[in-house]
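Novice: Here is my input, please return the structure:
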Amino acid sequence: MAVGDLLSRRRRAHGLSQARLARRAGTTQAAISRIERGHVSPTVETLERLLAALGEDLALASAAAATHIDHAHLAALRRRTPAERLDLALSWNRLAGDVAAAGSAARRAASG
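Specialist: The predicted structure is shown next:
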């Protein structure tokens, strides 16, 4: 959820207008409006102050990102020597160059 949406929803849940929240927080209605419309990204401190004016605390959370790691493949790569890993990387780089060249050739053939 965007910060502006969060602030707008919490403000409306408390039945306050932008002007009333601005007076409570010591800012302007225009500043509240700019945040709620996403034109301004407030600092964490500003958001904490605005939420405190609503009688709420800001709670930030974090979670591990979903990853799709093939642990068996990773273990196999770790068993390779540095030279083998370099050769593998270079072969992938050559393949990428070959694919790019084939794409360029196909585009030239299609356009001319």
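
Novice: Show me the helices in this structure, by range?
Specialist: Remark: helices assigned in the chain by DSSP state H are 3-13, 18-25, 29-36, 44-53, 71-79, 82-111.

Novice: worst-scoring helix or strand of the chain, pLDDT-wise?
Specialist: helix 71-79 (a mean of 93; mean pLDDT, DSSP states H and E).

Novice: now what about that one, what contacts it?
Specialist: R85, L88 (CB atoms under 8 Å, 6 or more residues apart in numbering). Where C-beta positions appear, they are placed from N, C-alpha and C, glycine not excepted.

Novice: change it to 10 Å
Specialist: With CB atoms under 10 Å, 6 or more residues apart in numbering as the contact definition, helix 71-79 has outside contacts at D70, E84, R85, L88.

Novice: One more: stretch 30-50?
Specialist: 2-12, 16-22, 24-28, 56-58, 60.

Novice: Show the buried residues in the contacts of helix 71-79.
Specialist: Buried members of the contacts of helix 71-79, counted by 16 or more other CB atoms under 10 Å: none.

Novice: so can I have a markdown table of those residues showing pLDDT?
Specialist: A markdown table is the format used below for the contacts of helix 71-79 (pLDDT from 0 to 100):
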| residue | pLDDT |
| --- | --- |
| D70 | 90 |
| E84 | 95 |
| R85 | 94 |
| L88 | 94 |
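
Novice: For the residues you listed, work out which two are farthest apart.
Specialist: D70 and E84 (18.0 Å; CB to CB).

Novice: Leaving out the residues flanking it, which one is nearest to L88?
Specialist: Excluding its sequence neighbours, the residue lying closest to L88 (CB to CB, 6 or more residues apart in numbering) is R80, at 7.1 Å.
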